[in-house]
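Visitor: coordinates only, no sequence provided:
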């Protein structure tokens, strides 16, 4: 029972951290997008290194990956758990 509670707490912590990271990435992406659309900011933004502007799409892709991460972790955890159960079942026989 305690292990189940610990696993549940750990899973919810991972979800919260993933959501916070995703929100941060989304905020950064939104800010860059708004700055690109704003004429006064656009001039300042053009002074930034070109490679920073190129990373805007990477930031968006990172956001998508982070949004999917809790489901991926959950699926992987379920797969590992299932494998362990099968191993224990077959090793007993």
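Guide: It's in. Given the structure is predicted, the values throughout are model-derived calculations rather than measurements.

Visitor: if we ignore the residues flanking it in sequence, what's nearest the residue minimising distance to the centre of the chain?
Guide: Against the mean C-alpha coordinate of the chain, by Cα atoms, centre = their mean, the closest residue is residue 66 at 1.7 Å. Counting by Cβ to Cβ, 6 or more residues apart in numbering, residue 66 lies nearest to residue 22, which is 4.2 Å off, once chain neighbours are set aside. For the C-beta atoms, the positions are set from N, CA and C on the backbone; glycine is no exception.

Visitor: roughly how far apart are that neighbour and residue 30?
Guide: For residue 22, the distance to residue 30 (Cβ to Cβ, to the nearest Å) stands at 12 Å.

Visitor: ditto for residue 67
Guide: Taken as Cβ to Cβ, the span from residue 67 to residue 30 is 15 Å.

Visitor: what about residue 17, how many residues nearby?
Guide: Neighbour count for residue 17, taken as other Cβ atoms under 10 Å: 13.

Visitor: likewise for residue 32?
Guide: Around residue 32 there are 19 residues (other Cβ under 10 Å).

Visitor: go on, residue 15?
Guide: So residue 15, with other Cβ under 10 Å, has 15 neighbours.

Visitor: other SSEs contacting the stretch of helix or strand residue 58 belongs to?
Guide: Using DSSP states H and E, residue 58 falls within helix 50-92. Using 3 or more Cβ pairs under 8 Å, 6 or more residues apart in numbering; DSSP states H and E as the contact criterion, the elements in contact with helix 50-92 are helix 2-37.

Visitor: so the helix it packs on versus helix 50-92, what angle?
Guide: Note on geometry: by axes from the mean of the first three to the mean of the last three Cα atoms, to 10 degrees, helix 2-37 and helix 50-92 are set 160 degrees apart in direction.
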